[in-house]
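Peer 1: sequence-free structure coming up:
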């Protein structure tokens, strides 16, 4: 566990509508709020993510060794996204038409920072099923960041990623639904949420940038739903149940960089067996979750 009294090391910068990173430092660790909602939301979201990893999993920052958490807000003009660039977080203010500021969703912040955790652990390749796993693991820990902050149990959470990012002009509730992939939005301009909820509807796409690197943001709905089912099947606080098993599968070593869904499912089952036993209710819940989404067949 991180040593008592130690906490995150955050620095929030203002890109001031430009693209040069990181921009002007506006809030260092321990400094008072700036009064700029974007800067202060980013500061709080970075802290909430650090807290989840530290308190639930004994991990000190993204690399496990106290890495500084750097973020830039007000990036670009009408930039409707947030991303981890391999070294720091970058937040756009949204376009005002369809998207609001991306600092307002703590689950999205947890998602993006988790890309950094995957980078420092299994380092999954960002293509097809390994890439979809990369995206799904980011959603799993993003959802847990929000649940941990709110003190929610698995059955109390909404399991939405990015709720509140859409403006009122959009017919939708969030970027993604882990509980019901494919239902997060259905809008005349943005289109319909394309995520499948099982392998029966897996999107087999070309492995190029034009097709989302083989559908990494699309097919992540399948392992997302498996995690939701495992978390609610086990019950209680997600980070104490299914979250621990997913963390073990990601970090204990041996997960190949090109792991597909079935390989990761096997790793979560092994983690459940190691923590709880071969005949445990926890292992049974994980197996049933992966069977329900069609990744595993029969007995597992």
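Peer 2: Ah, there it is. Please read these numbers as outputs of a predicted model, since none were measured by experiment.
Peer 1: contacting residues for residue 282?
Peer 2: Contacts for residue 282 were tallied using Cβ atoms under 8 Å, 6 or more residues apart in numbering; they are 234, 241, 245, 272, 275, 276. (C-beta placed from N, C-alpha, C; glycine too.)
Peer 1: how near is it to residue 191?
Peer 2: 38 Å (Cβ to Cβ, to the nearest Å).
Peer 1: filter the contacts of residue 282 to the buried ones?
Peer 2: 234, 241, 245, 272, 276 (16 or more other Cβ atoms under 10 Å).
Peer 1: from memory the last one sits against residue 284, does it?
Peer 2: In other words, residue 276. No - between residue 276 and residue 284 there is no contact under Cβ atoms under 8 Å: 9.6 Å.
Peer 1: check the buried ones among the contacts of residue 282 against residue 51 and report the nearest one.
Peer 2: Using Cβ to Cβ, residue 241 is the member of these that lies nearest residue 51, at 18.1 Å.
Peer 1: phi first, then psi, for that closest one.
Peer 2: With angles defined as degrees, to the nearest 10, residue 241 sits at phi -110, psi -100.
Peer 1: residues touching the closest residue to it other than its chain neighbours, list them.
Peer 2: Nearest in space to residue 241, with sequence neighbours left out and distances taken as Cβ to Cβ, 6 or more residues apart in numbering, is residue 234 at 3.7 Å. By Cβ under 8 Å, 6+ apart, residue 234 lies in contact with 154, 241, 242, 281, 282, 285, 286.
Peer 1: the fifth one belongs to a helix, doesn't it?
Peer 2: Put plainly, it is residue 282. Yes - per DSSP: H, G, I helix; E, B strand; the rest coil, residue 282 lies within a helix segment.
Peer 1: any idea how far it lies from residue 229?
Peer 2: Taken as Cβ to Cβ, the span from residue 282 to residue 229 is 13 Å.
Peer 1: what do you get for the first one?
Peer 2: Distance from residue 154 to residue 229, counting by Cβ to Cβ: 10 Å.
Peer 1: of the two, who's got more company?
Peer 2: Each of residue 154 and residue 229 has its neighbours counted (other Cβ atoms under 10 Å); residue 154 has more, 25 against 21.
Peer 1: phi, psi for that one please.
Peer 2: Backbone geometry at residue 154, expressed as degrees, to the nearest 10, gives phi -60, psi -40.
Peer 1: burial check on residue 253, number of neighbours?
Peer 2: Residues lying near residue 253 (other Cβ under 10 Å) number 7.
Peer 1: quick one: contacts for it?
Peer 2: Counting by Cβ under 8 Å, 6+ apart, residue 253 has no contacts.
Peer 1: before we move on, what about the one 4 residues further on?
Peer 2: For residue 257, the set of contacting residues under the criterion of Cβ under 8 Å, 6+ apart consists of 122, 123, 124, 125, 130.
Peer 1: repeat for residue 7
Peer 2: So residue 7 contacts 29, 47, 50, 54 (Cβ under 8 Å, 6+ apart).
Peer 1: what's the domain layout of the chain?
Peer 2: With domains defined by automatic domain parsing, the chain comprises 10-104, 128-292.
Peer 1: name the SS class of residue 113, please.
Peer 2: Applying three-state DSSP: residue 113 is helix.
Peer 1: now do the contacts for it.
Peer 2: By Cβ under 8 Å, 6+ apart, the contact set of residue 113 is 46, 49, 62, 69, 84, 89.
Peer 1: how close does it sit to residue 138?
Peer 2: From residue 113 to residue 138 the distance is 8 Å (Cβ to Cβ).
Peer 1: on that earlier part again, any chance of the domains of the chain in CSV, with distance to residue 117 and mean pLDDT too?
Peer 2: Conversion of these to CSV gives the following (distance: least, Cβ to Cβ, whole Å; pLDDT from 0 to 100):
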stretch, distance to residue 117, mean pLDDT
domain 10-104, 5, 97
domain 128-292, 7, 98
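Peer 1: and residue 298, which of those domains is closest to it?
Peer 2: Checking the domains of the chain against residue 298 by Cβ to Cβ gives domain 128-292 as the closest, at 7.7 Å.
Peer 1: measure the closest one end to end?
Peer 2: 21 Å (Cα to Cα, to the nearest Å).
Peer 1: and it, how far from the chain's centre?
Peer 2: A distance of 8 Å separates the centroid of the chain from that of domain 128-292, by Cα atoms, centre = their mean, to the nearest Å.
Peer 1: try stretch 28-41
Peer 2: Relative to the centre of its chain, stretch 28-41 is centred 23 Å away, using Cα atoms, centre = their mean.
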